[in-house]
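Asks: Mind looking at a prediction? Sequence and model below.
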Amino acid sequence: MKSKNKRNTPIATLIRNFVDKKSGKVSVSRKEIQWRFGALDWKDQKTILAAFLEAGKEDRHWAYKQLLDYWDSSLENKIKELWELYHEQRCKWVVIRYLSLDYVKQNMQDFTEERDYYFACLRLAKDKDYVIEKEKLSLTDYFAVLYHSGRGFDENEGLAVLYKIVHNYCVKGIEDYEVSKSRDSDTTSWFFPVNLQDIRLAIYYLEKADCCKPVLAFEDWNEKVKKAMKDSQEYKRLHAHPYVDYDYERRKLDILRKYAYLALDDKYKMPSDPSADNFLKPVKEYSEGGKTVFDTFSTSSQSDYTMGSQPIEPDEILPF
């Protein structure tokens with residue numbers, strides 16, 4: 001009786017069938033190779049990567065992704081060739097991460113977008129003579145570059161960046177995934193500036209670099225914001241109404257925006273900023289069954305606006 005167990009095709013045969021476009025087995029070989037790739041010997045992995053780089057766009061893109069974890073210098077010339085021929089985004093990250101610093105510098109005109117520049121800067125900034133172009137980086141990415149390049153932090157700049165991050169949140173808005181959001185948690189301690197995602201990340205870099213004075217000063221400022229929020233009429237009204245969870249979160253975050261903004265020093269504010277009261281546009285509490293609705297927050301305005309936007313999927317906190 002024949003065994004029903006499937007016997008694996010030798011990887012050399014699969015590679016040969018994949019490369020031979022007349023084999024009639026390109027598709028099935030591709031799937032099997034990709035499925036087995038992570039468990040293969042390094043010699044076979046290099047052969048596969050070289051073969052996929054010689055293939056079509058879809059196969060090249062798969063190889064670029066693998067190369068971020070399975071790089072080998074023997075593929076450097078091929079990557080240069082493909083980059084100069086196609087300028088594909090996935091190839092770009094391989095170039096930035098692994099090709100020589102001289103080559104990266106020569107191609108910096110192609111690495112100007114925020115995330116591209118960030119990854120290129122992570123390498124280039126280790127040269128202390130390299131001038132970091134801060135305007136091309138987010139505030140948290142700038143901190144990451146300083147930390148990973150070993151440049152250290154200026155205490156005054158560190159504190160200023162924390163306040164600038166708060167200002168950005170106040171003016172641009174806060175998505176509800178950017179802070180803890182369990183209604184069962186201790187609401188007197190966790191939905192405040194120090195718990196905002198980008199603030200937590202910035203503090204992480206400062207503390208890792210033993211630059212603690214800005215952190216301590218910011219935490220003192222955070223306590224002032226916390227007290228102002230807890231004492232506010234908006235906060236008291238928030239807990240006086242049976243909001244559904246999403247409405248509760250949106251109102252809570254906009255109270256945070258208002259009182260954090262009011263607590264900022266004027267030097268961190270811009271003439272184009274809206275007034276703090278505009279962070280709390282009156283909204284309606286919608287309920288089922290045709291029940292009445294009630295306005296919240298503003299006692300002077302009766303305009304009907306919907307506040308906030310639907311939450312989006314969060315990205316990874318750490319950018320590396």
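Replies: Perfect, thanks for sending it.
Asks: any low-confidence regions in this structure?
Replies: The chain contains residues with pLDDT under 70 at 1-7, 176, 180-190, 242-246, 281-320.
Asks: again, only using 50
Replies: Applying pLDDT under 50 to the chain flags residues 182-188, 282-320.
Asks: domain parsing for it?
Replies: Domain segmentation of the chain under automatic domain parsing yields 11-99, 155-290.
Asks: Ok, which of those comes nearest Tyr130?
Replies: domain 11-99 (14.5 Å; Cβ to Cβ). To be clear about C-beta, it is placed using only N, CA and C from the backbone, and glycine gets the same treatment.
Asks: Could I get the domains of the chain in JSON lines, plus columns for distance to Tyr118 and mean neighbour count?
Replies: JSON lines is the format used below for the domains of the chain (distance: least, Cβ to Cβ, whole Å; neighbours: other Cβ atoms under 10 Å):
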{"stretch": "domain 11-99", "distance to Tyr118": "9", "mean neighbour count": "16"}
{"stretch": "domain 155-290", "distance to Tyr118": "13", "mean neighbour count": "16"}
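Asks: what about these, which gets the closest to Lys134?
Replies: Nearest of the domains of the chain (Cβ to Cβ): domain 155-290, 9.9 Å.
Asks: how about the helices in the stretch 201-320 of the chain?
Replies: For the stretch 201-320 of the chain, the helices defined by DSSP state H, counting those that start in this stretch cover 213-231, 233-238, 245-263.
Asks: Please convert those helices to JSON lines, extending it with distance to Phe119.
Replies: Formatted as JSON lines, the helices of the stretch 201-320 of the chain follow (distance: least, Cβ to Cβ, whole Å):
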{"stretch": "helix 213-231", "distance to Phe119": "26"}
{"stretch": "helix 233-238", "distance to Phe119": "42"}
{"stretch": "helix 245-263", "distance to Phe119": "31"}
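Asks: Which of these sits closest to Arg200?
Replies: Per Cβ to Cβ, nearest to Arg200 of the helices of the stretch 201-320 of the chain: helix 213-231, 11.0 Å.
Asks: now for that closest one, which elements pack on it?
Replies: In terms of contacts (3 or more Cβ pairs under 8 Å, 6 or more residues apart in numbering; DSSP states H and E), helix 213-231 is packed against helix 155-172, helix 197-208, helix 245-263.
Asks: could you dump those helices to a markdown table with distance to Arg97?
Replies: Shown next, in a markdown table, are the helices and strands packed on helix 213-231 (distance: least, Cβ to Cβ, whole Å):
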| stretch | distance to Arg97 |
| --- | --- |
| helix 155-172 | 26 |
| helix 197-208 | 21 |
| helix 245-263 | 36 |
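Asks: So which of those is nearest Val26?
Replies: Per Cβ to Cβ, nearest to Val26 of the helices and strands packed on helix 213-231: helix 197-208, 44.6 Å.
Asks: relative to helix 155-172, how tilted is that closest one?
Replies: Put simply, helix 197-208 runs at 170 degrees to helix 155-172, going by axes from the mean of the first three to the mean of the last three Cα atoms, to 10 degrees.
Asks: Can you pull out the residues in contact with helix 197-208?
Replies: With contact meaning Cβ atoms under 8 Å, 6 or more residues apart in numbering, helix 197-208 is reached by 139-140, 143-144, 146-147, 153, 158, 161-162, 165-166, 168-169, 177-179, 193-194, 212, 214-215, 218, 314, 317-318.
Asks: Run the angle between that helix and helix 213-231 for me.
Replies: Using the same axes, to 10 degrees, helix 197-208 lies at 150 degrees relative to helix 213-231.
Asks: Please put the alpha-carbon coordinates of helix 197-208 into PDB.
Replies: Output in PDB follows, covering the C-alpha atoms of helix 197-208 (Å, rounded to 0.1, in the frame of the first residue of the first chain):
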ATOM      1  CA  GLN A 197       1.400  57.900  23.300                       C
ATOM      2  CA  ASP A 198       4.000  60.300  21.800                       C
ATOM      3  CA  ILE A 199       4.700  61.800  25.200                       C
ATOM      4  CA  ARG A 200       5.400  58.300  26.600                       C
ATOM      5  CA  LEU A 201       7.700  57.600  23.700                       C
ATOM      6  CA  ALA A 202       9.600  60.800  24.100                       C
ATOM      7  CA  ILE A 203      10.000  60.200  27.900                       C
ATOM      8  CA  TYR A 204      11.200  56.700  27.100                       C
ATOM      9  CA  TYR A 205      14.100  58.100  25.100                       C
ATOM     10  CA  LEU A 206      14.900  60.800  27.600                       C
ATOM     11  CA  GLU A 207      15.000  58.300  30.500                       C
ATOM     12  CA  LYS A 208      17.100  55.800  28.500                       C
END
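Asks: okay but Ala144 is in contact with Tyr118, surely?
Replies: Yes: if you go by Cβ atoms under 8 Å, Ala144 and Tyr118 touch, sitting 7.5 Å apart.
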